[in-house]
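Chemist: no sequence on this one, just coordinates:
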């Protein structure tokens with residue numbers, strides 16, 4: 001008998017409707033269940049949380065809850081307004097102070113211009129002279 005669902009991580013299979021209860025619910029997935037069992041989904045969520053906790057502490061000196069709270073302050077880039085690109089946690093590298101939410105491109109651009117008002121002003125002056 002072919003399995004209705006098989007976990008992509010551990011390989012546990014559900015052959016009956018009752019066994020589907022072993023899998024995480026997901027309304028748009030086939031049979032209303034994800035291809036990850038509840039146990040692996042829970043383990044994965046804990047690993048992601050631990051990883052985010054370590055990354056936010058290492059990169060920004062804050063805990064994951066503070067990082068999440070700050071990232072929730074905007075659903076689009078505070079420079080260009082784009083909400084389609086990956087959003088980044090922008091901070092001052094000297095003081096580690098949180099500045100806001102930027103899209104990947106704006107965050108990279110500001111960084112390449114020296115992460116300073118002076119660097120951005122020089123780029124603005126250049127464009128005003130040349131355009």
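Modeler: Ah, there it is. Please read all numbers here as calculations on a predicted model, not as lab measurements.
Chemist: what's the burial count for residue 108?
Modeler: Residue 108 has 12 neighbouring residues, counting by other Cβ atoms under 10 Å. Heads up, the C-betas are built off the backbone N, CA and C, glycines and all.
Chemist: what is the host helix or strand of it packed up against?
Modeler: According to DSSP states H and E, residue 108 maps onto helix 104-112. Under the contact criterion of 3 or more Cβ pairs under 8 Å, 6 or more residues apart in numbering; DSSP states H and E, helix 104-112 touches strand 87-91.
Chemist: quick revisit: between the helix holding residue 108 and strand 87-91, how big is the angle?
Modeler: Interaxial angle, helix 104-112 versus strand 87-91 (axes from the mean of the first three to the mean of the last three Cα atoms, to 10 degrees): 30 degrees.
Chemist: does the residue lying closest to residue 12 once chain neighbours are set aside have beta-bridge partners, and which?
Modeler: Excluding its sequence neighbours, the residue lying closest to residue 12 (Cβ to Cβ, 6 or more residues apart in numbering) is residue 37, at 5.1 Å. When bridges are called by DSSP bridges, residue 37 pairs up with residue 23.
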